[in-house]
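Chemist: Just the structure for this:
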Amino acid sequence: MTSVADQGTPTDRDPVLAAIGSERVYQIKRWGVRQQDGSFEEAPKSIGEFITYMQYYMNEATKAATTKAGPYPALEMLRKVTALGVACFEQHGVQFREESDVINARDGLSAGPSPT
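Modeler: Down below sits the predicted model:
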């Protein structure tokens, strides 16, 4: 189970971020434009295109979660969706959450300021 350490960072995030990074490398190699030096460059996509691809893979995740045995087929699709969101942020920028007091939805009490 994910917990939040005193620094405000989930303690088990490193393998998650590594899996997303690995998926991003795959996506760039799979769908990117090969450059003369052999590297790949990602083709620009609109925010709407990213959302469309993400929705497609969310539908696939839903199908996998309801028709396949075990969690792994659905988790594979979620890895793709998450990496597509990261790609969208890489191309279009990311908006940080504004700092405010976080109210815990379970107990209605302050959980302290949101991270910025």
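Chemist: nearest residue to the most centrally placed residue in the chain other than its sequence neighbours?
Modeler: In the chain, the centroid-proximal residue (Cα atoms, centre = their mean) is T82; its distance is 2.4 Å. What sits nearest to T82 in space, not counting adjacent residues and going by Cβ to Cβ, 6 or more residues apart in numbering, is I20, at 5.5 Å. Using the backbone N, CA and C atoms, a C-beta is placed for each residue, glycine as well.
Chemist: Correct me if wrong: the one you found contacts K80.
Modeler: No - the pair I20 / K80 is not scored as a contact, 9.8 Å apart, by Cβ atoms under 8 Å.
Chemist: Just give the nearest non-adjacent residue to V33, would you?
Modeler: E41 (5.2 Å).
Chemist: so which helix or strand takes in N59?
Modeler: When elements are defined using DSSP states H and E, N59 is found to belong to helix 47-67.
Chemist: before we move on, the earlier item: who has more neighbours out of I20 and K80?
Modeler: With other Cβ atoms under 10 Å as the criterion, I20 and K80 differ in neighbour count, and K80 comes out ahead with 21 against 16.
Chemist: Now name the helix or strand holding that one.
Modeler: Element membership for K80, per DSSP H and E: helix 72-92.
Chemist: Need the residues that contact the next helix or strand after that helix.
Modeler: Taking DSSP H and E as the definition, the helix or strand that follows helix 72-92 towards the C-terminus is strand 101-103. Surrounding strand 101-103, the residues in contact under the criterion Cβ atoms under 8 Å, 6 or more residues apart in numbering are 109-114.
Chemist: I'm done for today, thanks for sticking with me.
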